[in-house]
Structures are given as structure tokens and as C-alpha cells.
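Engineer: Build the 3D model from these lines:
(one chain, ligands or ions: 1)
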Amino acid sequence: MRVRKAVIPAAGLGTRVLPATKAIPKEMLPLADKPTIQYVIEEAVNSGVEHIIIVTSRTKRAIEDHFDESPELAAALAKKGDQRKLDMLRRIEEMAQISFTRQPAPRGLGHAILMARDLVGDEPFGVLLGDDLVVNDERPCLRQLMDVHERDGGCVIAALDVPREQTRLYGVFDLEPGPGPDPRTHRVRDLVEKPAPDAAPSNLAVIGRYVLTPDIFAALERTAPGAGGEIQLTDGIRTLIGTEPIFAHEFTGTRYDTGDPVSYLTTSLAFALRRPDLAPGVKAFLRSLPPLDETELD
Ligand code: G1P
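Structural biologist: Residues are numbered from 1 along each chain as shown. Predicted coordinates:
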């Protein structure tokens, strides 16, 4: 079945990047000059999604304002005759149909997805987590998962090989032996949320892009709090194993993390270097830096 909707959970407290996120939603922190969530929405739109549902919480109003009209700004730009920036504003405001719903308390990723139930209805949908950015200019990551779902049905989850010592940061796949429906797509036997390296069933990790069937909602309702005392999406998906196919898809593209201060900074730099208008200035600055002296790093 065709995937028309996508959910973006944006209700988290963002404690890993405090104090930046004390009053500003972490989804609004810019990479170069664009809020992180705008890249994520662009990926959904470029994948063919028509309706985006953002799950927010208190202190997240800036996200709604960003995608709404801004008459004062438009009037000021019109007065200045700055058509380029006016066009940019219009593109943001007309990007997609966006609905907002709230998660009243931080009860976990699975619970946040459950909040979108009425807006999604009885159809398959995409999920994009804003801490993960995936760059593929030809075929966005979500599109790749949608193609697998539209061919093989079931739930499809983005997969990436990670170093064994990092399994504690991710959901990790346990794959069925034998070939999957194509060389990059594997049948999932089980999923483990954030296992220790020696308990991880593989090195293949869940990255924050999913296509889920609406069966996930009833599954999440039955899911008890798991890791961290929260209702985990991974646990909800686990309960669907055996009732419908669950696939891990090794996507093509480059994945960037923004969830902690160092990855946020390096991803911001990488995104600035991808921009023809910003790259020359950033490169000139990088070239001007004296060679790093190892002793300074202690
Ligand atoms: C979430 C998921 C985890 C997944 C990760 C990808 O964890 O629970 O399974 O591997 O996103 O970024 P979080 O990073 O929100 O703790």
C-alpha cells in the first residue's frame, strides 16, 4: 500500500544538548543556517510524503511558528525588495501539509508515536527521527524504505553497520538466516534495544527511519515500559514479529547524528561544507587553523 503520511516525533526534552535546548526545541537548532527539522521534512517531502504529523510537547511552539506564515517578516522583506528571501519563506510555509499533536509527558518514543494514531488512521506511515540525518540526493532514505514496503509489505526499518562497541546506543537487529527479498533487505527475527556489545545479536543497528503498518498502534498500547522506564518503539515492533514481515533495509546514503554536542557540531560543519554558498568561507577558516597540537587536546 502507498505511504502518504509520516510522523516526526519532536517531543523529547533534548537534555543531551543543554543548555542550548533550555528554551529552544532541539529540532530548531540549525545545521549551517537551517533548523534540523527542516532537513527532515525535506527528506519526507522528497520521498513523496503528502501529510506530515509532528508530535510536540510544551516548549516546542517555535516548530509550529517556523512552518506557519510570518506576515511581519514578509512585510519587512517586501519593503526591502528582497524577493529571494521572500521566496525562501514561501517555500518553507508551503512545504507540506503539516499537523501537530502533543505528547503530554515524556513517556518514550513508542508513546510519542501512539499520539499520532488518529491523524495517521488505518494506513502505513513513515517515521523520521530528527537526531538522524541521512543524505542521499537521488533517493532519500525514507523513499528507499517506502519502495521496499510497497513491494513486500510489512514494516521496514533503516539499518546501518556500526562498530560493535557502539551497540549500546541503538536498537540492534537479529536477522533471519538465509537471503531476504533483495541483497540489501533482510528479514528480522528479533530486535534488542540498546544491548551491551557482548549481548548484541549483530552489528546492524536501527537508524531513525521506519515504515510501519497501522498494526503498530495496537502493539504499542500493549507495550509495557522498557529500557529507561519508557515505552519503546523497538519493543512495540518486536511484538509484531511473527504476525507480519519485519524487514531491515541497508539504505544507501550518508548518515549523520546530531544527538550530542560533538556530533551536532561536526554534522553542522559537514552540512555547511555541502553548501556552495557557505563552503568557500568555511574552508578558508579551516585552512587558516594552525595544525592541531596533540598536547592541546589533553
Ligand atoms: C532511538 C531508538 C533506537 C534507534 C535510535 C536511532 O533511540 O530507540 O532503537 O537505534 O533511535 O537513532 P534514541 O537515540 O532516541 O535513544
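Engineer: Chain neighbours aside, what residue packs nearest to whatever residue of the stretch 1-150 of the chain ends up closest to the ligand?
Structural biologist: As assessed by C-beta to the nearest ligand atom, the ligand sits closest to Asp132 within the stretch 1-150 of the chain, at 4.8 Å. Heads up, the C-betas are built off the backbone N, CA and C, glycines and all. In space, and not counting its chain neighbours, Asp132 is closest to Gly208: 3.8 Å by C-beta to C-beta, 6 or more residues apart in numbering.
Engineer: From Pro183, how far out is the residue nearest to the spatial centre of the chain?
Structural biologist: With distances taken as C-alpha atoms, centre = their mean, Leu129 lies nearest the centre of the chain, 2.3 Å away. Distance of Leu129 to Pro183, given as C-beta to C-beta, to the nearest Å: 25 Å.
Engineer: show me what contacts whichever residue of the chain sits closest to the ligand?
Structural biologist: Nearest residue of the chain to the ligand, counting by C-beta to the nearest ligand atom: Gly171, 2.7 Å away. Counting by C-beta atoms under 8 Å, 6 or more residues apart in numbering, Gly171 touches Leu191, Val192, Glu193, Lys194, Ala205, Val206, Thr234.
Engineer: three-state assignment of the nearest residue to it once chain neighbours are set aside?
Structural biologist: In this structure, Gly171 finds its nearest non-sequential neighbour in Val206, 3.5 Å apart by C-beta to C-beta, 6+ apart. Secondary structure assignment for Val206 (DSSP: H, G, I helix; E, B strand; the rest coil): strand.
Engineer: For Val206, give me its contacts.
Structural biologist: Counting by C-beta under 8 Å, 6+ apart, Val206 touches Ile157, Ala158, Ala159, Tyr170, Gly171, Val172, Phe173, Leu191, Thr234, Ala248.
Engineer: Tell me the one of these nearest Asp277?
Structural biologist: Closest approach to Asp277 among these (C-beta to C-beta): Ala158, at 29.9 Å.
Engineer: where do the strands sit along the stretch 151-298 of the chain?
Structural biologist: In the stretch 151-298 of the chain, the strands defined using DSSP state E, counting those that start in this stretch lie at 155-161, 171-175, 185-193, 204-212, 246-250, 254-257.
Engineer: quick one, which of those strands is packed in tightest?
Structural biologist: strand 204-212 (a mean of 26; mean count of other C-beta atoms under 10 Å).
Engineer: Up against the ligand, what does the chain have?
Structural biologist: 109, 129, 131-132, 170-171, 193, 205-208, 232-234, 259 (C-beta under 6 Å from any ligand atom).
Engineer: Report the lowest-confidence entry in the residues you listed.
Structural biologist: Least confident by pLDDT among the residues of the chain next to the ligand: that is Gly259, with 84.
Engineer: residue contacts, it?
Structural biologist: So Gly259 contacts Arg16, Val17, Asp131 (C-beta under 8 Å, 6+ apart).
Engineer: Turn the buried ones among these into a named PyMOL selection, would you?
Structural biologist: Applying 16 or more other C-beta atoms under 10 Å to the contacts of Gly259 leaves a buried subset, and the PyMOL line that selects it is:
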select buried, resi 16+17+131
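Engineer: Take the contacts of Gly259 and lay them out in TSV including distance to Thr266 and secondary structure.
Structural biologist: Shown next, in TSV, are the contacts of Gly259 (distance: C-beta to C-beta, whole Å; DSSP: H, G, I helix; E, B strand; the rest coil):
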residue	distance to Thr266	secondary structure
Arg16	15	helix
Val17	13	helix
Asp131	14	coil
